[in-house]
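Enquirer: dropping the sequence and predicted coords here.
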Amino acid sequence: MASLIGYYSLIIGFSISFLIIFFSIKNLSKSKLDNKIIFSVFFQFFFVSLSFLGLVQSFISSDFSNETVFNHSHTTVPTFYKISGAWGNHEGSLLLWLLVLTLFIFLFLLRSNDQPKKYRILTLLFQQIIIVGFFVFLIKTSSPFNYIFPIPNEGLGLNPILQDPALAIHPPILYLGYVGSSIIFSSALAAVVTNYISSSWAKHIKKWILTSWIFLTLGILLGSIWAYYELGWGGFWFWDPVENVSLMPWLALITLLHCTLVLEKKQILTSWVVILSIATFTLSMCGTFLVRSGILNSVHTFANDPERGLYILIFLFILVFLSIFIFLFFYKSEKTTTNSFFWLSKETSILINNWFMMYFLSVVLIGTTYPIFLEVLSSEKISVGPPFYNKLIIPFLVPFLLAMAIGPKLKWIKSELENKLNLILFLIISLLLSTFIIRNLDINFLINTILVTSAFYLFLITLKDFFSKKFKNLSQNLAHFSFSLLILSILFNNFLSTEIITNLKINETYENDALKINFEGIEQRDEQNFKAIIGKFVIEHNGGQTDIMQPELRIYNQPNIITSEADIKTTLYKDKFMTMNSVQNQEYFNIRYQVKPFMIWIWLSTFLISLSGLIGFFKKRYEN
Amino acid sequence: MRTKIFPISLIIIVSVIFVIFYKGLQNSNIYEPQIGNQKNIPVFIAKAFETEEIFKSEDIFEGDKFYLMNIWSSWCAPCRDEHKFLLNLSNQKNLKIIGLNYKDKKKNATNFLNELNNPYDFIFSDTDGTIAIEWGAYGVPESFLLYKNKIVKKIIGPIDQNSLLEIKELIQ
C-alpha cells in the first residue's frame, strides 16, 4: 500500500515538473512572479516527500512485495536500520537525492524574493531540467517501487557494514552538500543568461555555497569516521575513488567561496565564479557516475548495471554541453574593471589560493580518472594509490599554508604588510619549535621540518588573531585555524603511529620491547540480528599501565557476513585501536593493534572547519 | 577566427572524454591478476621424495611432453578431495604428474600415498616451502599444466570435475 502511494506520488511529482516548466515559460515575459509557480514547486516537493515516506514506511513495515525492501531489509533488522536502509541502496538514495533537489529549489524560491524575477525563473527552469533528468533516471532505470510476486516471506537483509549510526545519517548530510551545488549550478547559468553576475548576486549565492559546503564537509567527516571504526582500516583517508569524488566538489566549492568574496567586493574574477559554479555540480554528477556505474570499484558501487551508467553518463554530458553552450554564447567578460592586480593585495592572495586549489583538484581528478583512460586507450590496468597523492600534494602544502596565514592580513586592492616584524618573529618561533620536535623523531628532517614549520606558522598566526582581532572575521579565522590544526594532527598522526600485526591463539602472548599483548579469551553474545564474538586482550605497557581491549567479530545472520568491529580507546592524545579477524580453518586470530596519536583532533578540526562555515552563514545574515 | 578555436577545442575535448567514459563502461572492472603464463617455468634443484637424491628440474621436465605439477601435502584436507582426480589423470598416457610435497613430514606423506595410492610419476620434496614460492603458488593444493617449459594452465585450489575435463581437453 505504502509502496503504491510512493509510486504514484513519484509519477505525480514528475508530471508537476512539466506544469512548472509551462508556467515558468509563460511567466518569463511578465513582470511579477506568478504564485502558481511557487505553489507547484511546493506540491512537487510535497509529492516527492510523500513518495519518500512511502518507501520509508515500506521499509518499516517490512513489505517484501517491494523489490527494494526485499533486497535490502529483513524482519530482524532493528527499526532504526530499517529506516536508514531506505537510503542505503541505489534506488532509495536516488529518491533521497530527488527529494533534496525539490526541497532546495523550493527554499531557493522562498528565499530569493529580493532577486530579479527573470533570474529566479531561469534558475527554476535549469533546476527543473536537472529534476526531470533525475525523475526519468529514477522511474526508468531504478524505480524503488518495483513489485514482486509471489511475495517473499523474508528479505535478503541489509549489508551489515551499513548498520551503523554514523552511516545512517551520512547519505542525507552528504546529499545536502552535493545537491546544494545543483542550485549553485542553475543559478550561475541563470545569472549568466540574464547578465546578473554582480556583487549582489555574489552576496546572495554565497549563502548557498556556504550551505552546501558545510554539509559536504560534515558528510565527508561522517563517512571518514565510519571508515575508521567500521571498515577497520585504521585511518581517516585512503584516496579511495569514492573519497576522491567527494573531495573534488569540496575543493571546487571552497575555491568558489573565496572567489565570490572577491566578486562581492570588487566585481572581478567573474569567469572564475561561473566556471567553478558549473564545475562543482559537474564534479558531483561525475562522482555519481564514477561510483554508481561500476566503472570504478568502490564501496559505493551498489549495482553494476551498464544501463544506469550509460544514462547518468548521457545526462551528465547533456548538462555539460548545455553549460558550455550557455557560457560561450551568453557570457560577457567584465568590461569595466581592469584585470590588473596589485601584487600585494587580498585578491592576489585569493587568486594564488585558487591556483593551488586547482592544482590539488587536478591531482585528485587525474589520479581518479587516469586508470579509466589508460585502460580504454591501452587496455593496461593500473591502480593509483596514496603515494601518488602524497608525493604530489604534500610539498605544495607548504606555500599554500604560508599564503593562508598571510593572505587574510592583506587589504583589498593595494596593501602594505603591517607588523612585518611580528610575522617574521612568528616564522622564527615556528621554525625553532618544529626543528626541536622533528629532531627528536626518527624521520626525514628537511622536508618534515619545513612542513611542520608552515603548519605551525598558520596555527600561531591564527591563534594570535583570535586575541588581537576578537570577533572580527571570526569565521575566516576559525576556518584557517582549524585547517592548520587538521594538518598538524595529520602530520603528527603520520609521524607517531605504530602498528602491530600478529596472529594469536587464545591464551597466547605477543611480546616486544614496549608492550605485551595477552589474548585472554573470547566470549559469545547473541544480539537481535547477529552473534558477537568478543575477544579479550590485556595489553601491558612497560610503564606498568594496562589496557583491556575488546574487539568484536559480528556474524550477521542475514545476509551471512562477518564484520569486524574495532575496539577504540580514545583519549585527547591518542587512539588505541584494535581489530581482530578470524582466519579461515585456523584456530588463531589475526590481530591488529595500532596506536594513533591525535585521531580525535583530526575529527575535531574538521568539525570546527564546518562550524566556521556555520558562523559565516549566520554572521552575514545578521549584518544584512 | 581565434575566438572560435577555444569553443571548438573545448567541445572536442569534452566529446573525447565522453567517448572514453562510454568505452570504459563496457570494460569489466573486476580485477584479474595476470598470471605470467608466457614465462618459462622456474628452474630449481630439490630432493626427490623417495630416494632423497638431488635432482635438477630440467632433468625431470622434458620439452615435448605435458606435465602436471601438483603441489600437495598430507595435512591438507582439500588435497584428499582432489586425489581421485589425480588418480584418474595418471591413466592418461601423454601426461606425467609431478608432485611437489609441500612443508610435509615424510612419514605422514608416505602414509597418505599408501592409503590413497600414488598418482605421481615423480615427487619433489619442498620441506621449507621455497619452491612453491618460486612458482608463485597461493597455497596448497595448486596445479600447473606445463608444456614445453611453459605454464599452459594454472589451477588454484583442488582439481575438480570441470578442471579435470579441461586438462584432458588441453592435452589432446
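Expert: Arrived safely, thanks for sending.
Enquirer: the closest residue to residue A:507 other than its chain neighbours bridge partners, please.
Expert: Leaving aside its chain neighbours, residue A:507 sits nearest to residue A:519 (6.4 Å; criterion: C-beta to C-beta, 6 or more residues apart in numbering or on different chains). Bear in mind the C-beta positions are built from the backbone N, C-alpha and C, glycine included. In this structure, residue A:519 bridges to residue A:537 when assessed by DSSP bridges.
Enquirer: run a quick neighbour tally on residue A:519.
Expert: By the criterion of other C-beta atoms under 10 Å in any protein chain shown, residue A:519 has 21 neighbours.
Enquirer: any idea how far the helix or strand encompassing residue A:390 is from the chain center?
Expert: Using DSSP states H and E, residue A:390 sits within helix A:386-406. Mean-position distance between helix A:386-406 and its chain equals 20 Å (C-alpha atoms, centre = their mean, to the nearest Å).
Enquirer: do stretch A:365-377 as well
Expert: Its chain's C-alpha centre and that of stretch A:365-377 lie 22 Å apart, by C-alpha atoms, centre = their mean.
Enquirer: low-confidence ranges in the stretch 201-350 of chain A?
Expert: A:232-234, A:297-306, A:334-342 (pLDDT under 70).
Enquirer: kindly report the same for chain A.
Expert: For chain A, counting by pLDDT under 70, the residues that fall below are A:232-234, A:297-306, A:334-342, A:415, A:417-418, A:470-471, A:584-585, A:620-624.
Enquirer: which parts of it sit against chain B?
Expert: Contact residues, chain A versus chain B (C-beta under 8 Å from any C-beta of the partner chain): A:289, A:293-297, A:304, A:306, A:309-310, A:313, A:317, A:320-321, A:324, A:328, A:372-373, A:375-377, A:381.
Enquirer: now, those residues that are in helices?
Expert: Of those, the ones assigned to helices by DSSP state H are A:289, A:306, A:309-310, A:313, A:317, A:320-321, A:324, A:328, A:372-373, A:375-377.
Enquirer: give me the buried subset of those.
Expert: Among those, those buried by neighbour count (16 or more other C-beta atoms under 10 Å in any protein chain shown) are A:289, A:309-310, A:313, A:317, A:320, A:372-373, A:375-376.
Enquirer: packing partners of the helix or strand containing residue A:438?
Expert: Using DSSP H and E, the element containing residue A:438 is helix A:420-439. Applying 3 or more C-beta pairs under 8 Å, 6 or more residues apart in numbering or on different chains; DSSP states H and E, we find helix A:420-439 packed against helix A:445-468.
Enquirer: contact partners of the helix it packs on?
Expert: Helix A:445-468 has contacts (C-beta atoms under 8 Å, 6 or more residues apart in numbering or on different chains) with A:394-395, A:397-399, A:401-402, A:404-406, A:408, A:423, A:426-427, A:429-431, A:433-435, A:437-439, A:441, A:473, A:477, A:480-481, A:483-485, A:487-488, A:491, A:495.
Enquirer: among those, the buried ones, what's the ChimeraX command?
Expert: Restricted to buried positions by 16+ other C-beta under 10 Å, the ChimeraX selection for these reads:
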select /A:394,397,398,401,402,404,405,406,408,426,427,430,431,433,434,438,477,480,481,483,484,485,487,488,491,495
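Enquirer: what about the strands in chain A?
Expert: Along chain A, counting by DSSP state E, strands occupy A:498-504, A:509-511, A:515-526, A:530-541, A:546-549, A:552-556, A:562-565, A:567-570, A:574-582, A:589-597.
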